[in-house]
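Undergrad: just the structure for this:
(2 chains)
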There are 2 protein chains.
Amino acid sequence: MTIRLYDLVGSDPSRPFSPHCWKVRMALAHKGLGFEAVPVRFTEVAGVEGGGGRTVPVIRDGDTVVQDSFAIAEYLDDAYLDRPPLFEGASGRALARFVESWSQRTLHPAIVKATILEIHAFQDEENRAFFRASRERTFGKPLEEVQDGRTEEKRAATSKALEPLRATLRRQPFLAGDGPMFADYIVFGAFQWMRCVSTFSFLEGDDPIQDWLDRCLDLHGGIGRALPAAA
Amino acid sequence: MTIRLYDLVGSDPSRPFSPHCWKVRMALAHKGLGFEAVPVRFTEVAGVEGGGGRTVPVIRDGDTVVQDSFAIAEYLDDAYLDRPPLFEGASGRALARFVESWSQRTLHPAIVKATILEIHAFQDEENRAFFRASRERTFGKPLEEVQDGRTEEKRAATSKALEPLRATLRRQPFLAGDGPMFADYIVFGAFQWMRCVSTFSFLEGDDPIQDWLDRCLDLHGGIGRALPAAA
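TA: Take a look at the predicted model:
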């Protein structure tokens, strides 16, 4: 049976934009597993698979339902041992957790501050209201004041904060070495999210991170690149 | 034959302080390999093993000489396959490179800025002159102006920059998971360097990073803790 992926979209159901759902899309493709994507808007998340969950991605694989991108990647590796691994051993999972913590604390806040108005505009009318209310509650200020990341000074500061990633990718083609593993998809998900909603970039043309991003977009038949960038 | 480790010291030959040498000390202990430490001061580094190298650690293992902490760890894993591994697979090495890049770009500059006068004072007279000249050339200003990291604001900023490490260690006892691997020793080396030369800390008492640091100090018969902290 085909795996079902509940996948966050905005007003256009053909444009999945969630960083965490993109991690799972890449993980499924990496393992060569076909999947059916079920587009879900923010306001529909609570109803996924009988309800109760607060976030997507969620997958259903036969009788098994798994929520959370990292848990899904672990499930896929455990359930499909004969397919290409997403992690190498227990320490591979543990070190990928460090990559996840780094990405969520370095890259995600920078992306939110640089593009939150575009993420808002990406939603349909009902979800714009939902998104604004929920994020303004989180940040305690209007979205227009959250988005502050477009000065050259802020772009350069974020670019500098990405130096650990850049230095690693100067040495090796992927975070996981010669080929990609889930650690790569964790960081790729964030950049793909940004690519989907905004034309803005933290990177300059000759950045090794950009070269890696291009390699990621080409992986698995180019499923990343098949999503057109924001224009 | 016992492995020889050329190990950076200051005025006291019994107090090795280099972060990179501590990575190798922990790696050797992890693999259960005895070693003889040869204390080397900054001005003696160029004469190690016939000369030509610019840095320690260097190890000699029989006829093999290896320089650079990461290269030494890789050598030890390749040469002593029957001993506990420092890396799990090729992706384990690649992901440890990301940890290394993060540590060198986040933690090392913060330690230098917070403690460079103490690192200077830690050396004997000849090496104080050497250290001051070389570092003032690097930074383009007096050591007294490089050290600027002791305000509460700067301490808090560094502590915040350590959040990816902290979040990971809230989830699992070591960076590599249930037990330590070289990725842990990479970051431990930096903290041990700071512990050796200074009483200053970026961490508050209840920090999960401090708990992990205490676990690291207890590893392998407590070789880390056997070095008294600066007083």
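
Undergrad: centre of the chain to the helix or strand hosting A:Cys196, how far?
TA: Element membership for A:Cys196 (DSSP states H and E) is helix A:182-197. Offset of helix A:182-197 from its chain centre (CA atoms, centre = their mean, to the nearest Å): 4 Å.

Undergrad: helix, strand or coil for A:Asp211?
TA: Assigned by DSSP: H, G, I helix; E, B strand; the rest coil, the conformation of A:Asp211 is helix.

Undergrad: surely it touches A:Gln172?
TA: No: assessed by CB atoms under 8 Å, A:Asp211 is found out of contact with A:Gln172, at 11.8 Å. To be clear about C-beta, it is placed using only N, CA and C from the backbone, and glycine gets the same treatment.

Undergrad: what's around A:Gly10, how many residues?
TA: Each residue near A:Gly10 was counted by other CB atoms under 10 Å in any protein chain shown, and the total is 23.

Undergrad: per-residue confidence for the nearest residue to it once chain neighbours are set aside?
TA: Distance criterion CB to CB, 6 or more residues apart in numbering or on different chains; nearest residue to A:Gly10, sequence neighbours excluded, is A:Phe122 at 3.8 Å. At A:Phe122, the pLDDT value in this model is 97.

Undergrad: got it, and A:Gly149?
TA: pLDDT recorded at A:Gly149 is 72.

Undergrad: tell me the secondary structure for it?
TA: Counting by three-state DSSP, the backbone at A:Gly149 sits in coil.

Undergrad: show me the contacts for it.
TA: Applying CB atoms under 8 Å, 6 or more residues apart in numbering or on different chains, we find A:Gly149 in contact with A:110, A:113-115, A:155, A:158.

Undergrad: go on, A:Ala161?
TA: For A:Ala161, the contacting residues are A:106, A:110, by CB under 8 Å, 6+ apart.

Undergrad: please redo it, this time with the cut-off set to 10 Å
TA: If you count contacts by CB atoms under 10 Å, 6 or more residues apart in numbering or on different chains, A:Ala161 has them with A:102, A:105-107, A:109-110, A:202, B:105-106, B:161.

Undergrad: now it: phi and psi?
TA: phi -70, psi -20 (degrees, to the nearest 10).

Undergrad: using PDB, write out every CA atom in stretch A:183-201.
TA: The C-alpha trace of stretch A:183-201 is given here as PDB (Å, rounded to 0.1, in the frame of the first residue of the first chain):
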ATOM      1  CA  ALA A 183      21.100  15.100   8.300                       C
ATOM      2  CA  ASP A 184      21.200  16.700   4.900                       C
ATOM      3  CA  TYR A 185      17.500  16.700   4.500                       C
ATOM      4  CA  ILE A 186      17.000  18.300   7.900                       C
ATOM      5  CA  VAL A 187      18.900  21.400   6.700                       C
ATOM      6  CA  PHE A 188      17.600  21.200   3.100                       C
ATOM      7  CA  GLY A 189      14.100  21.300   4.400                       C
ATOM      8  CA  ALA A 190      14.700  24.800   5.800                       C
ATOM      9  CA  PHE A 191      16.200  26.100   2.600                       C
ATOM     10  CA  GLN A 192      13.400  24.600   0.500                       C
ATOM     11  CA  TRP A 193      10.800  26.200   2.700                       C
ATOM     12  CA  MET A 194      12.500  29.600   2.100                       C
ATOM     13  CA  ARG A 195      12.900  28.900  -1.600                       C
ATOM     14  CA  CYS A 196       9.200  28.100  -1.900                       C
ATOM     15  CA  VAL A 197       7.800  31.200  -0.200                       C
ATOM     16  CA  SER A 198      10.400  33.900  -1.000                       C
ATOM     17  CA  THR A 199      12.900  35.200  -3.600                       C
ATOM     18  CA  PHE A 200      15.100  36.400  -0.700                       C
ATOM     19  CA  SER A 201      18.300  34.500   0.000                       C
END
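
Undergrad: and that stretch, average pLDDT?
TA: Mean pLDDT, stretch A:183-201: 98.

Undergrad: please point out which parts of it sit buried.
TA: For stretch A:183-201, a neighbour-count test (16 or more other CB atoms under 10 Å in any protein chain shown) marks A:183-198, A:201 as buried.

Undergrad: ok now it, how far from the chain's centre?
TA: Relative to its parent chain, stretch A:183-201 has a centroid offset of 6 Å by CA atoms, centre = their mean.

Undergrad: any stretches of chain A with poor pLDDT?
TA: For chain A, applying pLDDT under 70 flags no range at all.

Undergrad: where do the strands sit along chain A?
TA: Ranges of strands within chain A are A:3-8, A:35-40, A:58-61, A:64-67, based on DSSP state E.

Undergrad: and the nearest residue to A:Thr43 once chain neighbours are set aside, how many neighbours?
TA: Ranked by CB to CB, 6+ apart and with sequence neighbours excluded, the top spatial neighbour of A:Thr43 is A:Phe130, at 5.2 Å. Neighbour count for A:Phe130, taken as other CB under 10 Å: 16.

Undergrad: mind checking how far A:Phe130 is from chain B?
TA: 28 Å (CB to the nearest CB, to the nearest Å).

Undergrad: can I assume that residue is in contact with A:Gln123?
TA: Yes: counting by CB atoms under 10 Å, A:Phe130 touches A:Gln123, with 7.6 Å between them.

Undergrad: joint contacts of these two?
TA: Listed contacts common to A:Phe130 and A:Gln123 are A:41-43; contacts here mean CB under 10 Å, 6+ apart.

Undergrad: helices of chain A, start to end?
TA: With helices called from DSSP state H, chain A shows them at A:19-30, A:69-79, A:89-102, A:108-121, A:125-139, A:143-146, A:152-161, A:163-171, A:182-197, A:208-222.

Undergrad: run the angle between the longest one and strand A:3-8 for me.
TA: When you say that, I think you mean helix A:182-197. 50 degrees (axes from the mean of the first three to the mean of the last three CA atoms, to 10 degrees).

Undergrad: so which elements touch helix A:182-197?
TA: Counting contacts by 3 or more CB pairs under 10 Å, 6 or more residues apart in numbering or on different chains; DSSP states H and E, helix A:182-197 is packed against helix A:19-30, helix A:69-79, helix A:89-102, helix A:108-121, helix A:163-171, helix A:208-222, helix B:89-102.

Undergrad: what's the neighbour count on A:Phe131?
TA: The number of residues packed near A:Phe131 is 21, by other CB under 10 Å.

Undergrad: sorry, back to before: between the helices of chain A, which gets nearest to B:Ala226?
TA: The closest of those to B:Ala226 is helix A:89-102. By CB to CB, the value is 26.3 Å.

Undergrad: buried ones in that closest one?
TA: Neighbour counts over helix A:89-102 (16+ other CB under 10 Å) mark A:89, A:91-102 as buried.

Undergrad: okay, the angle between it and helix A:182-197?
TA: 30 degrees.

Undergrad: list the helices and strands helix A:89-102 packs on?
TA: Counting contacts by 3+ CB pairs under 10 Å, 6+ apart, helix A:89-102 packs against helix A:69-79, helix A:163-171, helix A:182-197, helix B:89-102, helix B:163-171, helix B:182-197.
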